[in-house]
Structures are given as C-alpha cells and as structure tokens.
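Q: Provide a 3D model corresponding to the input given below.
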Amino acid sequence: MKKIRQIQFILLLGVILHLISSCSKSDSVDVDYTFASAVGVKQKIKNFNKVNFEPFDDLDLGFYEGDVWVQLEIENKPSYASYMVMMDDLINRNYRFYKLNKRLNSLKSMDETVDHALTDDRTYNNPKPNFQIDLTPNEKATFIITTKSDGRILQATPHLLSVENYTTINSRQSLFNYLFYVAIFMLLLINIFHWSILKNKIYYYYAFYILSSCLFYLNVEGQLYGLGLSNAVIDHILFVSIRIWILSAVLFTSKFLEINKTMPTFWRIIKVMFIIILGGATLYQFVFYNTSISHLHVIENYFGFFWIIIALLIIFLSFKERRMQAKYYLIAFSFLLFFITLGLIDSHFTILPGDPFSYFKIGTIIEYTGFTYFIVLIIKTQFKKTLSLERELVQRKEELLNASQKQETRIDKTDLLPVFKLVENSLSTESDWDEFKSKLEKLNPNFLDHILVKHPELTKSEIRLLILIRIGYSQKEIAGILNIAPASVKKARSRVRKKLNLTEDQSLKELLAQS
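A: Numbering: from 1, shown residues only. From the prediction side, this is the model:
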C-alpha cells in the first residue's frame, strides 16, 4: 500500500509541476496592431461600415445573448509573416473570420468552404477559437471576427500571438491534457486494485464518479468536434454529461458519508429532489430539442453551483454521525473548490500562469487522490473496529462461561456495553447483524432457539429488536443504534408483542429474560 500511495503522490506532483513550469504568459509580438470591439451588433455583415468599433479592456461578458464583433488593425514588417489570433472562449463554436478588401470596401470570408453546422471558421480544431493571418511585407490589413452567443458564457477577449508561440502553447496544453488523463487512468487502476483486495461496494460508486467526470471534461473541451457531429448534437451531449456527472457525485457522496443510514429521511428528500431536477431538465431538453440549448447553458451552470451547496450541507450534517468520513470528504472536496475558484478568478483577471480551465483539472486530480487514500483509511478503520468487536465477544464469552460454572448465566446490558459501542459504528449491514446474532447465540445458546421455536414467523428486523431488548437497551438507545426514530421502535415493539401473543399485562422484557 505504501508504494501505491507513492505512485499517487508522484502523479499528482508531476501534473502540478508541469502546469506551473511550462504554462507561462504569452509572448508579445513585434508588430503594430490594435484591437477594437462592438457589443450588441444588429447589422448584417454587408453593413459592416455602420458598426462603431471602440477600444476595450476585455470581452468576458459572462452569460450573454447577442452579437459581438472584434476588429484587428495590423501593419506588417518588411517581410512575410504569419500570426495567430486566439480568443478565450471554450464552448462557443460560432465564430466567423473576415478580411477587409479595401479596394472593393467589402469583407471576404477567410474560408468559404466551412460547414457552419459542424464547426466555425477557426484554423485548427482546438478548444479555443483561433485564426491564422498571413501577411505580405509592409501590408496593412483589417480583419473582423464576429461571434453570436445564444445565452451561453461568452469570453471573446482576443490575443495576437506568433505562430511559434501559439504552437508552443498548444503543445504544452496537449501535454498537460495527456498527463491529466494518464493520471486519471492510473488512479482508476489503483482503485480497481484496492477493490480487488478490500471488496467494498463504494468502489462501484467511485469508479462511476471518476469516469463521468472524465466524460464531462472531454465534452467541455470540445473533443467531439471534428467527428462529423453538428454543433447542436454536441451541445446536447454536453448537457447530458453534466447531469451524469452530478448524478455520480450525489451517489458517491451518499455512499462515502453513509447518509442513507445516518439521515434516511434527508436522503429520500435529496433523491426525490434530484430526480425531479435532473429528470425535468432532461425531459425539457429533448421535448424542446431545437430551442432549449440557449436556456440550458445557464441552467446547467446553476445545477453545478446547486450541487456544491448541497454537498457542503451534507458534509455539515454528517459531522455528528460520521465525523471521520465527513472530515475526509471535506478535505478532498475543499481542494477541488479551491482550484475551481482559482480558475474562475484567472478567467476574469488573467493573473495566474496557464489556462484557467487547467486549474479545474488540477483540483480534480487532487480530489481523486484524496478520495483514493481516504477510502482505504475508512475501510481499514472499520475493519479494525470489526476485529475489536470480535475480540470483545470472545473475551465476554470466556467471562460468561466462567461465571456459568457458579450460577446460571444471564446477559445483562452492562455485560455487552463496550461491545455495543462498537456495534453502533460497525454493524451497518444485514450480514453484519447476522454475524453478531450468531456470536450472541454462542454466548447464550437457548435465547434465540426458544424464541424461534415458538415464533418462527419473526422477521430479521424483529429478531434484531428482541436481541437489543433482551440485553436491556431502552427505546431511545435502540433507536440510536438502528438509526431510526424512537417512534419507529415503539411501533416495532407493538408488532412484536402481537406476534408473541402478549397481553397488556405481560412484560416483553420478562418474557425474554425467561428464554
């Protein structure tokens, strides 16, 4: 296990160091140029002369609906040269690129062969819009880039780069993405190895969470473009991948913090709420297939924010019953939130090295590494508690057998008090209770036999209740051990009394004590 943890640390450190060391700020180009913009343009492209372009600081417009134009005026040096214009957008594939023909005073598309249903005018099929400019010696040229947003996030701030610098940036980003997915794959293999040893079902939920997160990143970065799918189809796939990621996060969180056991009513509310929200959004998406895209770009972002709030609430409520798990979850989740915050800050202010979206990935890697380590710690802790329980039972058996040589042995609540402190944390499944029932039978062989012979119709949950009553636990204490309401214990006692044919004057405790 030590070697596995060392591999995790090396993978994490390698990805972070690569981003910090290689993704520096873009170099400036040695050429005279100016950018200007026009926001909320209503004119058609043939009426470009009527558009009023103005200087700007940035074009990070957030959720925006409308047209934005960017004008580039550039004067080349006395030699042939090529440059790249790159925008900050990540999920907008609706860019057009024109060059001004000054002799005819008209705009000419830089690529008239592009199928705009499948892509836009970008030169290379990279996530961020990019346009190559080839200039003759001393050429003065004017270019116009237009984009239309249907309500999604629009980050149209342009940057002029040399072709070499643009190629370097893309190579570094490709290497970073390669390291990211290799790290994810290695962590997935590590968790498969852990599952093969520990045999815990939490790894099903964790693997689903990891794979759905990868699907989400692949879609957000536009990896499906260039495969012959239309922009609308890719948008719809993106929305579905976001909901799958949220669903996997909900399921993994519930399993990690065991809220279905500690807060069953709250868990039922969460399930119903997410079924309505995610199911309703999916139904709306496909019923209004052609018109829902613009609204869903806003809605899906709110879903992500809503999930963060719910996750923090679940962590807070879990501290009482599952303090260790809540602490571990909060540590891993906090790293993800921290790096998401860094990425959002950098996307607005551009104060950190590298691409803002890369910080999301760094946070994801750290989160996965943390969960991989903490899951093993939790399972080991529970295993140690189980071993401690078995030792306590063996020790109690020896004490009771010794006492039985002098007098008839009767199990009292105080005899198994330390054992049931472990029961509260360890016996969480039916198989655990069956094992405990078996061990209890060895300590007091006649108890269960007498009950089951007379009343074979008793269910497992009713036998469990009788065991706790036999030992001497109160209604409130039983409710705490079984993670149910005291009123539910009271109802269960009433049902058992009816099955045992007890009258109102007969005591259930006395009957069990005689068994």
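Q: and residue 68, that's in a strand?
A: Yes: counting by DSSP: H, G, I helix; E, B strand; the rest coil, residue 68 is located in a strand.
Q: so who does it touch?
A: Going by Cβ atoms under 8 Å, 6 or more residues apart in numbering, residue 68 touches 37-41, 59, 61, 146-149, 154, 156. Bear in mind the C-beta positions are built from the backbone N, C-alpha and C, glycine included.
Q: pull out the buried residues from those.
A: 37, 38, 39, 41, 59, 61, 146, 147, 149, 154, 156 (16 or more other Cβ atoms under 10 Å).
Q: just send those residues back as a markdown table, with secondary structure and distance to residue 85 too.
A: Below are the buried ones among the contacts of residue 68 laid out as a markdown table (DSSP: H, G, I helix; E, B strand; the rest coil; distance: Cβ to Cβ, whole Å):
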| residue | secondary structure | distance to residue 85 |
| --- | --- | --- |
| 37 | strand | 13 |
| 38 | strand | 16 |
| 39 | strand | 18 |
| 41 | coil | 18 |
| 59 | coil | 13 |
| 61 | strand | 18 |
| 146 | strand | 13 |
| 147 | strand | 12 |
| 149 | strand | 18 |
| 154 | strand | 16 |
| 156 | coil | 11 |
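Q: need those in JSON lines (columns: pLDDT and distance to residue 493).
A: As requested, those are arranged in JSON lines below (pLDDT from 0 to 100; distance: Cβ to Cβ, whole Å):
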{"residue": "37", "pLDDT": "94", "distance to residue 493": "74"}
{"residue": "38", "pLDDT": "94", "distance to residue 493": "76"}
{"residue": "39", "pLDDT": "94", "distance to residue 493": "71"}
{"residue": "41", "pLDDT": "93", "distance to residue 493": "74"}
{"residue": "59", "pLDDT": "89", "distance to residue 493": "69"}
{"residue": "61", "pLDDT": "87", "distance to residue 493": "64"}
{"residue": "146", "pLDDT": "95", "distance to residue 493": "74"}
{"residue": "147", "pLDDT": "94", "distance to residue 493": "69"}
{"residue": "149", "pLDDT": "90", "distance to residue 493": "63"}
{"residue": "154", "pLDDT": "89", "distance to residue 493": "63"}
{"residue": "156", "pLDDT": "90", "distance to residue 493": "68"}
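Q: same list (these) but as CSV, adding distance to residue 368.
A: What follows is those, written out as CSV (distance: Cβ to Cβ, whole Å):
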residue, distance to residue 368
37, 40
38, 44
39, 40
41, 44
59, 34
61, 33
146, 40
147, 35
149, 33
154, 31
156, 33
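Q: nearest to residue 393 among those residues?
A: Using Cβ to Cβ, residue 154 comes nearest to residue 393 of these, at 65.2 Å.
Q: how many other residues sit next to residue 285?
A: 20 (other Cβ atoms under 10 Å).
Q: distance of it relative to residue 209?
A: From residue 285 across to residue 209, the span is 23 Å (Cβ to Cβ, to the nearest Å).
Q: go on, residue 35?
A: 42 Å.
Q: looking at these two, which one has more neighbours?
A: The residue with more neighbours, out of residue 35 and residue 209, is residue 209; 23 against 19, by other Cβ under 10 Å.
Q: list the residues that contact the closest residue to residue 129 other than its chain neighbours.
A: Spatial nearest neighbour of residue 129, chain neighbours left out: residue 87 (4.2 Å); criterion: Cβ to Cβ, 6 or more residues apart in numbering. Applying Cβ under 8 Å, 6+ apart, one finds that residue 87 lies in contact with 70, 95, 128, 129, 130, 145, 147, 155, 156, 157, 158, 159.
Q: apply 6 Å and report the result again.
A: 129, 156, 158 (Cβ atoms under 6 Å, 6 or more residues apart in numbering).
Q: show me what it is bridged to.
A: residue 158 (DSSP bridges).
Q: strands of the stretch 101-250 of the chain, start to end?
A: 106-109, 130-135, 140-155, 158-162 (DSSP state E, counting those that start in this stretch).
Q: what about the spatially most central residue of the chain, distance to residue 168?
A: The residue lying closest to the centre of the chain (Cα atoms, centre = their mean) is residue 249, at 4.5 Å. Residue 249 sits 35 Å away from residue 168, going by Cβ to Cβ.
Q: am I right that residue 270 is in a strand?
A: No: checked against three-state DSSP, residue 270 lies outside a strand; its state is helix.
Q: what's around it, how many residues?
A: Around residue 270 there are 19 residues (other Cβ under 10 Å).
Q: circling back: quick one: the residue nearest to residue 129 from residue 160, how far?
A: Applying Cβ to Cβ to residue 87 and residue 160 gives a distance of 11 Å.
Q: now do the shared contacts for these two.
A: Contact criterion Cβ under 6 Å, 6+ apart; residues shared by residue 87 and residue 160: none found.
Q: tell me the bridge partners for residue 39.
A: residue 68.
Q: pLDDT score assigned to the residue nearest to residue 42 when sequence neighbours are not counted?
A: In space, and not counting its chain neighbours, residue 42 is closest to residue 67: 7.4 Å by Cβ to Cβ, 6+ apart. For residue 67, the model assigns a pLDDT of 94.
Q: again, but for residue 453
A: pLDDT, residue 453: 75.
Q: begin at 568 from here
A: Sure thing, new numbering starts at 568, so read that last one as residue 1020.
Q: where's it relative to residue 1060, distance?
A: For residue 1020 relative to residue 1060 (Cβ to Cβ), the value is 21 Å.
Q: next one: residue 646
A: Residue 646 sits 93 Å away from residue 1060, going by Cβ to Cβ.
Q: neighbour count for the two, which is higher?
A: residue 1060 (17 against 9).
Q: quick one: mean pLDDT for the helix or strand containing the more buried one?
A: For residue 1060, the element it lies in under DSSP states H and E is helix 1053-1066. Averaged over helix 1053-1066, pLDDT sits at 85.
Q: packing partners of it?
A: Applying 3 or more Cβ pairs under 6 Å, 6 or more residues apart in numbering; DSSP states H and E, we find helix 1053-1066 packed against helix 1042-1049.
Q: 8 Å - rerun?
A: The contact analysis (3 or more Cβ pairs under 8 Å, 6 or more residues apart in numbering; DSSP states H and E) places helix 1053-1066 against helix 1027-1038, helix 1042-1049, helix 1075-1080.
Q: how about those in JSON lines, adding distance to residue 682, mean neighbour count and mean pLDDT?
A: Listed next are these as JSON lines, based on distance: least, Cβ to Cβ, whole Å; neighbours: other Cβ atoms under 10 Å; pLDDT from 0 to 100:
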{"stretch": "helix 1027-1038", "distance to residue 682": "63", "mean neighbour count": "19", "mean pLDDT": "78"}
{"stretch": "helix 1042-1049", "distance to residue 682": "63", "mean neighbour count": "16", "mean pLDDT": "78"}
{"stretch": "helix 1075-1080", "distance to residue 682": "78", "mean neighbour count": "14", "mean pLDDT": "74"}
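Q: can you tell me which of those helices is nearest to residue 924?
A: Closest among those, using Cβ to Cβ: helix 1042-1049, at 46.4 Å.
Q: against which helices or strands is the closest one packed?
A: Counting contacts by 3+ Cβ pairs under 8 Å, 6+ apart, helix 1042-1049 is packed against helix 984-993, helix 1027-1038, helix 1053-1066.
Q: between it and helix 1053-1066, how many degrees?
A: For helix 1042-1049 against helix 1053-1066, the angle by axes from the mean of the first three to the mean of the last three Cα atoms, to 10 degrees is 100 degrees.
Q: quick check: angle from helix 1042-1049 to helix 1027-1038?
A: Using the same axes, to 10 degrees, helix 1042-1049 lies at 130 degrees relative to helix 1027-1038.
Q: now helix 1042-1049: how far from the chain's centre is it?
A: 34 Å (Cα atoms, centre = their mean, to the nearest Å).
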